[in-house]
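Undergrad: Here is a sequence together with a model predicted from it:
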Amino acid sequence: STPTTSTSCSKTFNVGLVTDVGKLSDKSFNANAWQGVQDAVNDSSLCVKAKVIESNQPTDYQKNMQLFIDQKYDMVVTVGFLLGDDTLAVAKANPTVKFAIVDYAYDKPPANLTGLVFREDQAGFLAGIVAGKMTKSGTIGGVYGLDIPPVHKYRVGYENGAKYANAAIKTLGVYQPPSGAKSFNDPDWGKQQATAMFGQGADIVFGAGGNTGNGALLAAVQANKLCVGVDVDQYVSYPDADKCLVTSAEKHIAFSVKTAITDMVKNTWPSSGLLTFDATNAGVGISPFHTYDSQVPADVKAMVADALKKLADGSLKTGYTG
Amino acid sequence: MDFLGHLDIAGFVVATLIAATPLVLAGMGGVMSERSGVVNIALEGIMLTSAFAGYAAAVATHNLWLGVLVAIIAGMLIAALHALLSIQFLVDQIVSGTVINILAVGITGSFYRTYIQNSSLGGTGVLPALHLTFLPNAPFIGVITLAALALIPIVHFVLFNTVFGLRTRACGEHPLAAETAGINVYLVRYSNVILSGALAGLGGAYFTLQQIGNFLPNMTGGRGFIALAAMIFGRWTPVGAFGASLLFAGADAFSGRLQISGVNFPYQILGMLPYVLTIIVVAGAVGRAVAPAADGKPYKKS
Amino acid sequence: MSRALRQRLFAAVFIPVISVASGFVVAGLAVVVTGSDPIAAFTALFQGAFTNPRAFPETLVAMIPYIFLGLAVALGFRAGLFNIGAEGQFYLGAIFGVLAGNSLHGVPGIVQIPLALAFGMLGGFIWAAVPGLLKARFGAHEVITTIMLNYIAFQLTDFLINKGPMSDKHSTAPRTPFIDPGAQLPIIISGTRLHLGLILALLAVPIVWFLVQRTTIGFRIRMVGFSQGAARAAGISVAWTLVITMGISGALAGLAGADEILGVSHYMPSSFSVGYGFDSIAVALLARSNPWAILPSAFLFGAMRNGAAFMQFQTQVSSDLISIVQAIVIMFVAAPVMVRWIFRLREVPVGGIQITQRETAGVTRET
Amino acid sequence: MDLTVEWGQVHALLGENGAGKSTLMNVVYGLVRADSGEIVFDGKAVRIGSPQDAIKLGIGMVHQHFMLIPPLTVAENIILGHEIATGPGVVDVRHAQQEVAVLSKKYGLEVDPAVKVQDLSVGIQQRVEILKALYRGARLLILDEPTAVLTPQEVRGLFDVIHALVKDGAAVIFITHKLAEVIEVADKITVMRRGKVVATTTPKESNQAELARLMVGRSVLLRVDKTEAKPGQVLLTLKDLTVQDDRHQVAVDNVSLEVRAGEILGIAGVEGNGQNELVEAIVGLRMPRAGQIKLGERDITHASTHSTLEAGLGFIPADRHRMGIVLELPVADNLVLSRFDRPPFARFIVRAFDAVREYAIKLIKTFDIRTEGPEQLAGSLSGGNQQKLVVAREIGTQPKVLLASQPTRGVDVGSIEFIHRRLVEERDNGMGVLLVSSELDEVLSLADRVAVVYRGRVVAVFDQKEADRDRIGLLMAGAA
Ligand SMILES: Nc1ncnc2c1ncn2[C@@H]1O[C@H](COP(=O)(O)OP(=O)(O)OP(=O)(O)O)[C@@H](O)[C@H]1O
Ligand SMILES: Nc1ncnc2c1ncn2[C@@H]1O[C@H](COP(=O)(O)OP(=O)(O)OP(=O)(O)O)[C@@H](O)[C@H]1O
Ligand SMILES: [Mg+2]
Ligand SMILES: [Mg+2]
């Protein structure tokens, strides 16, 4: 996973990625961040080389960052707000190295550190509109990973978006109770929760929680219901769910990571210490409808487009506060 | 709270049966092994290995049924290692089981990260499921779950009505007596441990081939240990293990449904339900379950 | 050399060496099968554990919880108890440690640190004494109850730190606030993360050894471990001994948790430990429940855990590989009969690992 | 060693504990491999590598410690390994039970094939063992100390079975160390000592005294020398004591007894008639359901074992390996097993090894425990010395009352003699001794008073002078 860099580079930039304990096998969050790093590597104009360390344990975070620093890396990308405090500490101690962290915003970070945050609520809101319009039963479901800010934002946006599209809608949702390494990583559990929601009348389910959420999509495939993916266009990344997948609520982690790396390489490092990805900069959105394209009525598509515009100009709120 | 109004009884029962599947399969595996006198805490590792092997075979052959077969065989092989260590080399059976559990994590994890994680390998799809259209909300029930249900009376029958079962119980209670009756204790114990690998192996296939169609590191998530608990508080009987599995899976399904129905209670506390309930049941109703007398004791011919 | 001495030397030196070597050989084969270079992988593992900058102090940092937890599990084994719950007790120790480390602001460390550590021990004690009590009172198998309590501990801590009563209201992350600076364990080698916990862990070894071998409590524990029947007939309360043993075992695991908070992370994050408790079973097994042997055993595990990250960094070989090494090492240590068979040795190695009680392998029967 | 057994004969194998009788028979039955030599069966040299080989040849064995599986039924135990199956491997329970019924009728060995073995008395269990051997077509039946657990009346019944078998042309090897039985039942007698045959003879050519001499290599005291007891005040009182067993059945039924200073009260009875439960209740290992236990003036009915021992009770448990000693601990630790945590053996919670060692050396000497030293592991002592260790420990504390349960079981004659002498000595020094033994001879020779128990009840109490062996035997069997 270390593609060769272009030969025309005068200087090669070394970028290291430190995952949280979800590791790359989460197939979403950490994997997408790594994808962004690899996109940068594959972009020969950037002259980037990269490596990844998967963390086994929260106490390993600082240590793993240090490994890159000891190897004189130019930039360290960390994934997840779980690494927020550790990344800040290491960034402060190493002002010459650039740091970017996915999903974390700091008040006044040091100049070499920037947070990459997303308006998941906006992505969820758009997906919620689709769900609210596509449901025939008037009940929609959502299977969520741990109750943590990004996931919570997806949920609030999704449920409010559905209500925006269909005021009478009923929303069901479930967070996965934490159980050691199984958080975000228990598709069987997710599948069973989604099935339970179908039993309670839901006919479309949003899977927002790594592998746990993917399980919800599988349940929809089996039960012949509809589903909504998360983070990336899961029609592409998770073909198992193609049959049920209407759309995915996207937050462009890979894009954000590549953006941060580009900023480092091109010396356009953000001074604010924060890059927000939202409706204004195509940082969030929803995926194409693919096979459902013909089934999604034009007025729904129009409503989504309209909402996206209003979210961007601030005239529409998702209802997420805090 | 409109929980009761929305309680989908048929769905709840089916969900419980499905979630109980790996527990009862591995639990019955534990029953066979321990009834012959070999403690089997390796169930977790066996399931994990089989889940992986079944997935790998299904990917390679594009045949889910072959995947199931390979999962069962892989379970038998790794169980045979447990048998070799604990029966032949007299390794403490708990140690041997621990070795296998750690080994399973190492092997499946290494292979997963090398061959699967970064590959474009998709899912295998899942085994066919029976669509119970006559029930409200028409739930699905997978073939491995059906197989597990069918295996409960079969394993019960084998254990309590057949020659093999009689010899198995004899070896677990008093191997020397079995030996004097002309029984080959080693053979009986080997057979049972390997058989437990087959059962737990089918339980492993549940994860990859019935439910998900994909492998994930550590995807058994401790269910082997819960199966062990189910076996103990099912008093080392297949039917008891089934009952215990239902209790646990039912509590799990129930706690999820409580949350879905919007009960205003911290979801982590709801999530404790199956575990708390298991402790209460183990401590209360069946605390004094008595293991087969020779369970855990290596047998050494003089 | 006398036969007895030869045998002891064999058990103490030859078996461990052969075991570790075999572990690496088998794991090396796995590396080859997965298409990488085992020499490069193990070289990187070694560098990551010992020779890289800060590697060695980090190995020691990783070793600290293994020492406490290994001692905890080993103590349980001595009484014939299989404490699979070290993971949960570790969590509770951490939570209690945070609680104490956060409650006295501005008080000197000499007061705060012992208090927080003691609190951590209390947390672990409680979490382990419960299964002890359940076993003593109702005969509930500790393997079941400790596993269940692990999961309950995960949920409980998440409830507390994720928007719950112990969460940091100023942070979006599900974590507790940082502990008071005064409650942090001092760093003993500046520029590293090596903290005073190492000294505490090194002290814990002789203390536990003394407890087991030299005190009446330890004698009780061993007696119950060897023969519950004889212990009962001698007027020892087996039930009480089980509770106390579990309690002390849990207190050690809790100490590990509090020490990790006070020494390394300084707050309680989500997913605080992923598998320390389970690893520690292996640590104790490898040491054959001997407190002194916990030291090399914990060192080996700490080194492998620490080196694994660099191995993955350098060679992209999965850190899961160390599990293979660990499993094979334990297997060899546990099976002297097998070692003799494989290596065609005539000398009868002594030992092996014995956990399952001679008397009651299954459930205890209290009268 | 050589041993020749002929068809149609009862061949008695005599020898003291540890002489190697069981070991030799285990070789014949394929459980233990012989280092050298050969076995000739029916004129042919045979190799018996496993019990299966032995069974095929027609050899059956009833082991000293029964080889029955308690949770299985009688029929299951009998057919185990030679099951009657219908279809592929399915046990035919009905057929098996019929077979068993037929067999038991033929030899007068009545049992209910559907009952679980764990619910049977020892006497019946032995019948099951014999049926097991016969079911497998045994023509040579080895009976290893079959009479040790039987009442005199049951012994009669067994002899009838043996005679019937021999009349059928089978051969029986009968192992015992009871001389009278040998004289009565055997056609031929072989005496073993330390793994060697020391004599082969017949009942006509020999007598009890000579056999005893052959067995131990010197003449033995068959009776214990002791003077008349001088009982003092009451030390242990049992009043209307009722105790349940593990299955919540009444095992001790309304028992009232007193043990006085300076006397030995013996409890005679076939094993399994509530003796264990009685002993456990007194020691505090089992809570009585009703009644009262007093040690001196102190009520210890509900006291823990710890406080019972503290109050002045000494306890020699019946099962030395499970309860008497800790095999994995040194002799010295075993000698302070119940007092390790108090001065001088401990200061606060720290053990005082010097004091323990000193004390151990003293006891080892006084009680003649043959050991390499106080550090030797108790598990590596011989059985007799392990028992002496237990006796030393319990007498060493100088308790008011000593509760001695099967104090000489499985112990060599020398050690028996020694232990008996010590018990009498302690009695003479004013200790009260409650002796529980299934060896009627031991009770009769040691006890000053004998209480006979049957089904948990004390059915009679005799003074030593009026104790009549046959009458007690009848009472033990419930026939009174
Ligand atoms: N020929 C022998 N060679 C080596 N060891 C022997 C031999 N014979 C007996 N032993 C040992 O002596 C011990 C007692 O033997 P065994 O059980 O056969 O005695 P026994 O005569 O049946 O005594 P008991 O009357 O107590 O049943 C055993 O530990 C056995 O290993
Ligand atoms: N595991 C062992 N390791 C070393 N020596 C042993 C072991 N087991 C037994 N011995 C020794 O072998 C001898 C025979 O033991 P055993 O118990 O068979 O004696 P025994 O003839 O039955 O004596 P006793 O009549 O006192 O019961 C003992 O002296 C004992 O020290
Ligand atoms: Mg002996
Ligand atoms: Mg014998």
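TA: Looks like it arrived, so ask away. The model shown is predicted, which means the values in this text are computed figures rather than measured ones. Ligands and ions are numbered 1, 2, ... in the order given.
Undergrad: how about the nearest residue to the residue in the stretch 251-400 of chain D positioned nearest to ligand 3, chain neighbours excluded?
TA: Nearest residue of the stretch 251-400 of chain D to ligand 3, counting by Cβ to the ion: D:Gly383, 3.5 Å away. Just so you know, the C-beta spots here come from the backbone N, C-alpha and C atoms, and that holds for glycine as well. Closest residue in space to D:Gly383, ignoring its immediate chain neighbours: D:Gly410 at 5.3 Å, by Cβ to Cβ, 6 or more residues apart in numbering or on different chains.
Undergrad: can you check C:Leu194 too?
TA: C:Leu194 sits nearest to C:Pro57 (Cβ to Cβ, 6+ apart), 4.2 Å away.
Undergrad: Distance check, the one you found against C:Ala49.
TA: C:Pro57 is 11 Å from C:Ala49, where distance means Cβ to Cβ, to the nearest Å.
Undergrad: Could you give the number of residues near the closest residue in space to B:Ala181 that isn't next to it in sequence?
TA: Nearest non-adjacent residue to B:Ala181, counting by Cβ to Cβ, 6+ apart: D:Gly81, 3.7 Å away. A count of nearby residues for D:Gly81, using other Cβ atoms under 10 Å in any protein chain shown, gives 22.
Undergrad: How about the contacts made by D:Gly81?
TA: B:167, B:178, B:181-183, D:52, D:55, D:136 (Cβ atoms under 8 Å, 6 or more residues apart in numbering or on different chains).
Undergrad: Nearest to A:Leu217 among the residues you listed?
TA: B:Arg167 (48.0 Å; Cβ to Cβ).
Undergrad: if we can go back for a sec, specify the local secondary structure of the residue nearest to D:Gly383.
TA: coil (DSSP: H, G, I helix; E, B strand; the rest coil).
Undergrad: The helix or strand encompassing D:Lys132 and chain B, any residue contact?
TA: Counting by DSSP states H and E, the element that carries D:Lys132 is helix D:122-135. Yes: judged by Cβ under 8 Å from any Cβ of the partner chain, helix D:122-135 comes into contact with chain B through D:Lys132.
Undergrad: Any idea how far that helix is from the middle of the chain?
TA: 18 Å (Cα atoms, centre = their mean, to the nearest Å).
Undergrad: what is the mean pLDDT for it?
TA: Average pLDDT, helix D:122-135: 89.
Undergrad: Ok, stretch B:50-63 next?
TA: 95.
Undergrad: just stretch A:295-308 next, same as before
TA: The model assigns stretch A:295-308 a mean pLDDT of 95.
Undergrad: ok, back up a step: output the helix or strand that the helix holding D:Lys132 is followed by as CSV, nothing but the C-alphas.
TA: Later in the chain than helix D:122-135, the nearest helix or strand by DSSP H and E is strand D:140-144. Taking C-alpha atoms only, strand D:140-144 is exported to CSV below (Å, rounded to 0.1, in the frame of the first residue of the first chain):
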residue,chain,number,x,y,z
LEU,D,140,-12.4,-65.9,35.5
LEU,D,141,-13.8,-63.5,38.0
ILE,D,142,-11.4,-61.4,40.1
LEU,D,143,-12.9,-60.0,43.3
ASP,D,144,-10.7,-57.4,44.9
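Undergrad: in its sheet, what does strand D:140-144 sit against?
TA: Using DSSP bridges, the strands paired with strand D:140-144 are strand D:59-62 (parallel), strand D:171-176 (parallel).
Undergrad: How about the residues of the stretch 1-150 of chain B by chain A?
TA: B:6, B:8, B:10-12, B:15, B:18-19, B:112-113, B:117-118, B:122-123, B:125-126, B:129, B:137, B:139-140.
Undergrad: can you tell me how far the most centrally placed residue in chain D sits from D:Asp319?
TA: The centre of chain D sits closest to D:Arg409, judged by Cα atoms, centre = their mean, with a distance of 5.3 Å. Per Cβ to Cβ, D:Arg409 is found 9 Å from D:Asp319.
Undergrad: Quick one: low-confidence residue ranges for the stretch 51-200 of chain A.
TA: A:180-182 (pLDDT under 70).
Undergrad: all helices in it, in order from the N-terminus.
TA: Secondary structure of the stretch 51-200 of chain A by DSSP state H, counting those that start in this stretch: the helices cover A:61-70, A:84-93, A:120-134, A:149-165, A:187-199.
Undergrad: and the last one, C-alpha only, in PDB?
TA: I take that to be helix A:187-199. Only the C-alpha atoms of helix A:187-199 are listed here, as PDB (Å, rounded to 0.1, in the frame of the first residue of the first chain):
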ATOM      1  CA  PRO A 187     -22.700  -6.100  11.800                       C
ATOM      2  CA  ASP A 188     -24.700  -9.000  13.200                       C
ATOM      3  CA  TRP A 189     -26.100  -6.800  15.900                       C
ATOM      4  CA  GLY A 190     -26.800  -4.100  13.400                       C
ATOM      5  CA  LYS A 191     -28.700  -6.500  11.200                       C
ATOM      6  CA  GLN A 192     -30.800  -7.700  14.000                       C
ATOM      7  CA  GLN A 193     -31.700  -4.100  15.100                       C
ATOM      8  CA  ALA A 194     -32.700  -3.200  11.600                       C
ATOM      9  CA  THR A 195     -34.800  -6.400  11.300                       C
ATOM     10  CA  ALA A 196     -36.500  -5.400  14.600                       C
ATOM     11  CA  MET A 197     -37.300  -2.000  13.100                       C
ATOM     12  CA  PHE A 198     -38.900  -3.600  10.000                       C
ATOM     13  CA  GLY A 199     -41.000  -5.600  12.400                       C
END
